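A.B. asks: sharing a sequence plus its predicted fold:
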Amino acid sequence: MTLQLQVLGCGDAFSSGGRLHTCFLLRGETDGVALPPTLLDCGATSLAAMKGRGIEPATVRTILITHLHGDHFGGLPFLLSDAHYRARRTEPLTLAGPPGLAKRLGQAREALYPSSTKRDLAFELEIVELHERRSADVGGLRVTPFEVVHPSGAPSYALRIEYGGSALAFSGDTEWTEALVEAAAGADLFICECNSYDRPIPNHLNYRELLARRPLFDCRRMLLTHLGEDMVNRGGLEIEPLVEGRIYQV
């Protein structure tokens, strides 16, 4: 049983250091059966990120969304248009995220491409609402959301994802909350946002506070994402940042 995470984007909203918006590709296999390609968040740069890494976007079967900010779900209108017009997709696509995802996605599509929601897509689009601490089976994964502290017009989640015998946790965007400790409990890999080194930024974490609380986390490995300007080129960190393009074994 294997679960892999490829980093397609791990930057902040401002693409500090030239990093792309949040987008992780999950692949796996258990008992000889492959996990359909799954995206964890789909920021505005995700379509370019996939194509730049030689990944056909139309192969993605499931997309999990942590919260409704553009650098985490803003790539969906472009991905849907690409699937409909270029790829001529016929396979169904499942989106799973906070309550309000369907409405906000429709608004984003209309803002970018007026009348786009009035035309039927060439494929079935299923939207699944995730609710606080209610586990759901989505695309072959067991997904449990934990509400965190990051105003986005809808609940913002950290997600715990289980597949086979592996557990992955992702903080999404948030300031400090004990929900992170719960989401990451016993996880093989916990990916945690870290927007600054020691500067307090509302609704985000900084490295110094995260390092001080590292002993609270019962996870095998922790890696950092969503790095701001004072983090992208900083060396000597005790908690390793993600590297774009790299594939991590969960």
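C.D. replies: Here it is on my side, so go on.
A.B. asks: please enumerate residues in contact with stretch 120-130?
C.D. replies: 80, 83-84, 88-99, 101-102, 105, 136, 138, 143, 145, 157, 159 (CB atoms under 8 Å, 6 or more residues apart in numbering). In this view, the C-beta of every residue, glycine as well, is placed from N, C-alpha and C.
A.B. asks: quote the end-to-end distance of that stretch.
C.D. replies: Start-to-end span of stretch 120-130 (CA to CA, to the nearest Å) is 24 Å.
A.B. asks: for that stretch, buried residues please.
C.D. replies: Counting neighbours by 16 or more other CB atoms under 10 Å, one finds that the buried residues in stretch 120-130 are Phe123, Leu125, Ile127, Val128, Glu129, Leu130.
A.B. asks: which one of those is nearest Ser116?
C.D. replies: Leu125 (12.4 Å; CB to CB).
A.B. asks: what bridges to the closest one?
C.D. replies: As for beta bridges, Leu125 partners with Leu93 under DSSP bridges.
A.B. asks: contact partners for the closest residue to Ile55 other than its chain neighbours?
C.D. replies: The spatially closest residue to Ile55, leaving aside those adjacent along the chain, is Leu25, at 6.6 Å (CB to CB, 6 or more residues apart in numbering). Residues in contact with Leu25 (CB under 8 Å, 6+ apart) are Leu5, Gln6, Leu8, Pro37, Thr38, Leu39, Leu40, Met50, Ile55, Val60.
A.B. asks: same thing with Ala108?
C.D. replies: Contacts for Ala108 (CB under 8 Å, 6+ apart) come out as Phe73, Gly74, Leu76, Pro77.
A.B. asks: and for Gly9?
C.D. replies: By CB under 8 Å, 6+ apart, the contact list for Gly9 reads Arg19, Leu20, His21, Thr22, Cys23, Gly43, Thr45, Ser46, Ala49, Glu244.
A.B. asks: just those residues: which are in strands?
C.D. replies: Cys23 (DSSP state E).
A.B. asks: which of the contacts of Gly9 are buried? Put it as a PyMOL command.
C.D. replies: Applied in PyMOL, the following selects the buried portion of the contacts of Gly9 according to 16+ other CB under 10 Å:
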select buried, resi 19+20+21+22+23+43+45+46+49+244
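A.B. asks: at which residues are the strands of the chain located?
C.D. replies: 2-9, 23-30, 33-40, 62-64, 93-97, 125-129, 136-138, 141-147, 157-163, 166-170, 189-193, 222-225, 247-249.
A.B. asks: follow-up on the earlier one: next, format the buried residues of stretch 120-130 as JSON lines and append pLDDT and distance to Trp176.
C.D. replies: Putting the buried residues of stretch 120-130 into JSON lines (pLDDT from 0 to 100; distance: CB to CB, whole Å) gives the following:
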{"residue": "Phe123", "pLDDT": "98", "distance to Trp176": "40"}
{"residue": "Leu125", "pLDDT": "98", "distance to Trp176": "36"}
{"residue": "Ile127", "pLDDT": "99", "distance to Trp176": "31"}
{"residue": "Val128", "pLDDT": "99", "distance to Trp176": "29"}
{"residue": "Glu129", "pLDDT": "99", "distance to Trp176": "26"}
{"residue": "Leu130", "pLDDT": "99", "distance to Trp176": "22"}
